[in-house]
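predicted model and sequence below, questions to follow.
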Number of protein chains: 4
Amino acid sequence: MALHEEFRQFEIEVGQIVEEMRVFTEEGKIATYIPELRHADPDALACALYTKNGTCVSFGDKDRKFTLQSVSKVVALALAVMDSGEEQVFDKVGMEPTGGPFYSITRLELTSRSKPLNPMINAGALTVTSMIGGRTETEKVERLLRFIRELTGDDTTTYDRAVAASELKTADHNRALAYLLKGEGVIDSDIESLLDVYTKQCALSMRCCDLARIGFIFGHEGRSPETGEQIVPVPVARMVKTFMVTCGMYNESGELAIKAGIPAKSGVSGAILGSVPNGMGIGVYSPALNEKGNSRAGVELLKRLSRHFSLSIF
Amino acid sequence: MALHEEFRQFEIEVGQIVEEMRVFTEEGKIATYIPELRHADPDALACALYTKNGTCVSFGDKDRKFTLQSVSKVVALALAVMDSGEEQVFDKVGMEPTGGPFYSITRLELTSRSKPLNPMINAGALTVTSMIGGRTETEKVERLLRFIRELTGDDTTTYDRAVAASELKTADHNRALAYLLKGEGVIDSDIESLLDVYTKQCALSMRCCDLARIGFIFGHEGRSPETGEQIVPVPVARMVKTFMVTCGMYNESGELAIKAGIPAKSGVSGAILGSVPNGMGIGVYSPALNEKGNSRAGVELLKRLSRHFSLSIF
Amino acid sequence: MALHEEFRQFEIEVGQIVEEMRVFTEEGKIATYIPELRHADPDALACALYTKNGTCVSFGDKDRKFTLQSVSKVVALALAVMDSGEEQVFDKVGMEPTGGPFYSITRLELTSRSKPLNPMINAGALTVTSMIGGRTETEKVERLLRFIRELTGDDTTTYDRAVAASELKTADHNRALAYLLKGEGVIDSDIESLLDVYTKQCALSMRCCDLARIGFIFGHEGRSPETGEQIVPVPVARMVKTFMVTCGMYNESGELAIKAGIPAKSGVSGAILGSVPNGMGIGVYSPALNEKGNSRAGVELLKRLSRHFSLSIF
Amino acid sequence: MALHEEFRQFEIEVGQIVEEMRVFTEEGKIATYIPELRHADPDALACALYTKNGTCVSFGDKDRKFTLQSVSKVVALALAVMDSGEEQVFDKVGMEPTGGPFYSITRLELTSRSKPLNPMINAGALTVTSMIGGRTETEKVERLLRFIRELTGDDTTTYDRAVAASELKTADHNRALAYLLKGEGVIDSDIESLLDVYTKQCALSMRCCDLARIGFIFGHEGRSPETGEQIVPVPVARMVKTFMVTCGMYNESGELAIKAGIPAKSGVSGAILGSVPNGMGIGVYSPALNEKGNSRAGVELLKRLSRHFSLSIF
């Protein structure tokens, strides 16, 4: 079979899998706590695979734009480590997974008075964002935009203003976390500025192929798929994938590590970023969530793709 | 360079690394809560690598015997899933990592009244052991011995009677956990019998090459390195490695996943089992522990070996 | 109005109040976790007042016998302090109220590794019972029976064998607590013997007038209402009432302190002991419980009696 | 002995007791987390007794002014219940004591997502302050000042500007609590305005005789000692004393209830308000604190006064 034929076959298979998984959207529910997210189409399902040869194939509702939400935590982590150094970042944030839900203040208090458990829970993510380079709020947002555009390879990638504004209005729980961390000396910044940067970070908006390209870069030592340029240092790309496995899927992380074995990070928008070491980059979007807060169809799709193409790292 | 030369070179390099790591034994402390473990030699360090060609090379105090302690949790998990089925086991025990310490009753109560978080915390491990096949205590212990002997390839592998007896005498915390789980309907067995099996399981005794062979089998789809026979089913071997990454090293799991990226499980005896997917099996013993309860020198050795031989799965 | 007339009037008023409160029994539920308690009559309501002149008036289903359950915790506390000394008891058990539910293991772990918060939670009560005088289980039970008979003034008071046996069979949660405390060095005794004494203590059986007499003694400096003999030392009688106010009614203690202001201790059998300093002793029995585990009608009755006769200590 | 002689004797006795207790100041430490409080004199001890005949006798460093800090929580509670009604207040705040420390966020999350445990912990106190009458921040502060002046009987009573400003600067932990409660719909107000009122409330400043007068009013059905006018409704005065017993002294409340039995509320400034039902009002100031955050000498003084004059309510 010619390579072209083989690829055609691959496209047909994935297309079928994606359509089979669409039925799971019916079992999920749209997130409602951020007002702007309520407008999402509960039946939507999109999937993109960024493959070894540097091309992206996408399926389903592939032109829908969506915000990253918690998926942005891995982007911000990479950037903060690049800007402030690994030592500085992990002096303020721990490395340990947690079985608890993402909003947990309890875990923050119980295990360590002065250090959020890891960069994937909100307390940790807020701390990480405070360590993105830039003297002002504007500089930090610009720094973040420059970085995300390198990752997507698209100079027009930006945040969704309506979603960012909507999140800022309902950010009292994150505001509470941030002030708690400030009171304990973990966060140094002005809190309102930090929340402004953080909500814009969460509102970064893109299509599934953009997301798959990010996964591909993290999976290939942080290098640009076109130029081979080092966008993210090798150890940072590796670290990001590690957090994706141990705590990327809220308290479904352990289960997905067993059943799919693909480093993955989800957001309440229904986005999932997948990054197979030395393999595909995966971008999924399907906003109907399961009770753990992960995309219902997205989780099933990852498991199915992993089995079909033997993608598990274990 | 001839293969033989290359292997000789490999031996020299690892031998040097092991001796360089021995200095870390001075920073650790022997576990004291099980009286029999207090007799261990705090300076000891042993390391074995079971390599692709099915041979074991070992270094340092390689003839010391040691008990598995919590390392036995992964062995018991594989066995319980083989005997009772994945569905039955994970109906009783969760799959999620936890940032908390291994003895946590708090975590048991807070996140789920009826299900320990995962099979690596004591509450989960006790539940898992209750699902090893056998109608009586004696049958269960025999089943366990048959299985461990298949894994080590040594028909004389057994448990250390003195350590087992010593643990049984000081098992009140585990007894409490077990009765709590019985009260909640998670464990069905007679608790004293269960504790007897559990302490014998923890007291399984071997040398570092035996441990490395177990790691090799888990790393190679569960097959015997000599005969290719399926000792552990493929999905079970994979699942075991996943738990080793997400929660195999107590609350140092996340950090070791980042810094070494090797599926690993530790015990308070100072043992560490390492299992590189499609790569080496690793057995380490060094009883001086760090404040997280992991072998101080053992942890450093894993990081160093990973960097030196590029063993990270991420 | 002659004294006799006045007393007659008092009887009529209380009789009316008790019958008015009976409607609340419909809103409660019988405790089911101890099998023997399921046989209780959900409509039952009994109330006894032991008044200044040393007589007991009783109302409703006043001849029903019931077991003390957690009400026995105050009896055991008084006895343990008399037998082992205040210092010894409070070296092992704290004095602080807790807003959490009575079965909390969480609280035990979080606030103090080695000391239950107070003698009214199960962990504390088990520790207290371990300090009742007696070298053997039999001696301890005899000691307890001698003491309870002094308090009720009835030489036939004993425990209900069927209830004690039923509780022992379902005592796994208490067994877990006890082993946890033993593992931490708080409890010294053989745990099975301790549970035997503890379940007999909980199964002490009496009528509402017996209970009211106990409340009268605690309310009058620990003296016998007939002979003035010191059954309980003055500071012990005072301490017991303090614990009744701060943590006698599970997590309804604060609310009842505000709304009735009477030192009171409840049990899941539906018993409530009330003790007005220098005033009445109160015994209530009504087994239909509210969601906090207190007698539904009993709680309403205490509030009503307090308002009617101005019994609040505040 | 003439009444005048008797009173003279009383003064001599109390004076001796106060001076005997001064030695305990050496065992305490000044609170340091609010910068302005660091200037306090660690040796200071003042005590005032407001007695039945409406006069105040005071001892030690009786002219020192001090801020109320957490003592103000009972004042604000009385006022909020008067302004917003008992039902409204306890719809938002619970009534149960807690064994945990006063800053606990954990307790807030664990037992109830939407309701602080009681009005004496910071989360509850902030909620209570938000229910003081007044449309603006200025109106609320004026309302509070009018009320405190009725209680002290001194039209010049006001807050200490330097302390209030100092607290506002270091209020990030309280800010975090307030935003958390806002996010959960418990608090409705603008948070910065609320914190402004709250810090002024905590900074209310007076001498020990002023404090003793407040205790006298709460102890005498809320009536003015001179005019008999109802400053606080009877049930509110009673409720306030109940909270003082069950949770007025942080996690030393249970112990002090047993050892003194006087309704009391402490603050980190070293102030303690005591209120004997139908008896004395007590004002103590001694800024050297014990490890529970209560005035070291003040606690000893309360115990001693209670024993000497038989003040226990139990």
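On my side now, so go ahead. Numbers count the residues shown, from 1 in each chain, chains lettered A, B, ... in the order given.

who's in contact with A:Leu126?
Going by Cβ atoms under 8 Å, 6 or more residues apart in numbering or on different chains, A:Leu126 touches A:174, A:177-178, A:181, A:187, A:194, A:198. Where C-beta positions appear, they are placed from N, C-alpha and C, glycine not excepted.

from the residues you listed, which land in strands?
Among those, no member falls in strands (DSSP state E).

in helices, which of these appear?
Of the positions in the contacts of A:Leu126, A:174, A:177-178, A:181, A:194, A:198 sit in helices, assigned by DSSP state H.

how about CSV for the contacts of A:Leu126, with neighbour count and distance to chain C added?
Below are the contacts of A:Leu126 laid out as CSV (neighbours: other Cβ atoms under 10 Å in any protein chain shown; distance: Cβ to the nearest Cβ, whole Å):
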residue, neighbour count, distance to chain C
A:Asn174, 24, 25
A:Leu177, 30, 21
A:Ala178, 30, 25
A:Leu181, 28, 21
A:Ile187, 24, 26
A:Leu194, 24, 30
A:Tyr198, 28, 31
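
from these, pick the one nearest C:Gly283.
Using Cβ to Cβ, A:Leu177 is the member of the contacts of A:Leu126 that lies nearest C:Gly283, at 50.3 Å.

can you give me the helices in the stretch 201-314 of chain A?
A:208-219, A:234-247, A:253-259, A:296-309 (DSSP state H, counting those that start in this stretch).

tabulate those helices (JSON lines), appending distance to chain D, mean pLDDT and mean neighbour count.
Converted to JSON lines, the helices of the stretch 201-314 of chain A look like this (distance: least, Cβ to the nearest Cβ, whole Å; pLDDT from 0 to 100; neighbours: other Cβ atoms under 10 Å in any protein chain shown):
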{"stretch": "helix A:208-219", "distance to chain D": "29", "mean pLDDT": "98", "mean neighbour count": "27"}
{"stretch": "helix A:234-247", "distance to chain D": "20", "mean pLDDT": "97", "mean neighbour count": "25"}
{"stretch": "helix A:253-259", "distance to chain D": "21", "mean pLDDT": "96", "mean neighbour count": "25"}
{"stretch": "helix A:296-309", "distance to chain D": "25", "mean pLDDT": "97", "mean neighbour count": "22"}
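
any chance of those in JSON lines, plus distance to chain B?
Below are the helices of the stretch 201-314 of chain A laid out as JSON lines (distance: least, Cβ to the nearest Cβ, whole Å):
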{"stretch": "helix A:208-219", "distance to chain B": "9"}
{"stretch": "helix A:234-247", "distance to chain B": "4"}
{"stretch": "helix A:253-259", "distance to chain B": "4"}
{"stretch": "helix A:296-309", "distance to chain B": "10"}
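
how about those, which one is nearest C:Glu137?
helix A:253-259 (45.3 Å).

centre of the chain versus the closest one, how much separation?
Centre-to-centre, helix A:253-259 and its host chain are 16 Å apart (Cα atoms, centre = their mean, to the nearest Å).

same thing with stretch A:6-23?
24 Å.

sticking with A:Phe59, tell me its helix or strand.
strand A:56-60 (DSSP states H and E).

show me the contact partners of that strand.
Identification of contacts with strand A:56-60 by Cβ under 8 Å, 6+ apart yields A:10-11, A:14-15, A:18-19, A:22, A:44-51, A:207-209, A:212-213, A:283.

can you flag the buried ones in those residues?
Neighbour-count burial within the contacts of strand A:56-60 applies to A:14, A:18, A:22, A:44-51, A:207-209, A:212-213, A:283; the criterion is 16 or more other Cβ atoms under 10 Å in any protein chain shown.

can you show me the helices along the stretch 1-150 of chain A?
A:3-21, A:72-84, A:86-92, A:106-111, A:122-129, A:137-152.

I'd say A:Asp83 and A:Leu144 touch.
No - A:Asp83 is beyond contact range of A:Leu144, at 10.2 Å (criterion: Cβ atoms under 8 Å).

overlap in contacts of those two?
Joint contacts of A:Asp83 and A:Leu144 (Cβ under 8 Å, 6+ apart) are A:Ile132.

neighbour count winner among the two?
Ranked by neighbour count (other Cβ atoms under 10 Å in any protein chain shown), A:Asp83 and A:Leu144 place A:Leu144 first, with 23 against 16.

pLDDT value on that one, please?
The score at A:Leu144 is 98. That number is its pLDDT.

from A:Val163, how far out is it?
15 Å (Cβ to Cβ, to the nearest Å).

so where's chain A uncertain?
Residue ranges of chain A with pLDDT under 70: A:1, A:98-114.

can I see the domain layout of it?
The record's domain parsing of chain A by automatic domain parsing lists A:3-69+A:205-309, A:70-202.

enumerate the residues of the stretch 151-300 of chain A near chain D.
By Cβ under 8 Å from any Cβ of the partner chain, the residues of the stretch 151-300 of chain A that approach chain D are A:170, A:172-173, A:175-180, A:182-184.

distance to chain B added to those residues, as a markdown table?
Converted to a markdown table, those look like this (distance: Cβ to the nearest Cβ, whole Å):
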| residue | distance to chain B |
| --- | --- |
| A:Thr170 | 26 |
| A:Asp172 | 24 |
| A:His173 | 19 |
| A:Arg175 | 24 |
| A:Ala176 | 20 |
| A:Leu177 | 17 |
| A:Ala178 | 21 |
| A:Tyr179 | 23 |
| A:Leu180 | 18 |
| A:Lys182 | 22 |
| A:Gly183 | 22 |
| A:Glu184 | 18 |
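
might you report the residue contacts of the nearest residue to A:Gly222 once chain neighbours are set aside?
Closest residue in space to A:Gly222, ignoring its immediate chain neighbours: A:Val232 at 3.3 Å, by Cβ to Cβ, 6 or more residues apart in numbering or on different chains. A:Val232 sits next to A:78, A:82, A:217-218, A:222, A:240 when contact means Cβ under 8 Å, 6+ apart.

mind listing what's buried in stretch A:70-87?
Taking 16+ other Cβ under 10 Å as the criterion, stretch A:70-87 shows A:70-84 as buried.

which of the residues you listed lies closest to chain D?
A:Ser70 (17.6 Å; Cβ to the nearest Cβ).

quick one: residues contacting the closest one.
A:102, A:120, A:125, A:202, A:265-268.

what do you get if the cut-off is 6 Å, keeping everything else the same?
Residues near A:Ser70 by Cβ atoms under 6 Å, 6 or more residues apart in numbering or on different chains: A:Gly267.

quick check: it vs A:Val268, distance?
From A:Ser70 over to A:Val268 (counting by Cβ to Cβ), the distance is 7 Å.

got it, and A:Ile231?
26 Å.

how about A:Leu180?
22 Å.

same check, this time on A:Gln88
29 Å.

ditto for A:Val197
Relative to A:Val268, and taking Cβ to Cβ, A:Val197 is found at 19 Å.

can you check A:Val245 too?
Distance from A:Val245 to A:Val268, by Cβ to Cβ: 20 Å.

next one: A:Ser253
Taking Cβ to Cβ, one finds A:Ser253 at 15 Å from A:Val268.

same deal with A:Gly219?
With Cβ to Cβ as the criterion, A:Gly219 and A:Val268 are 24 Å apart.
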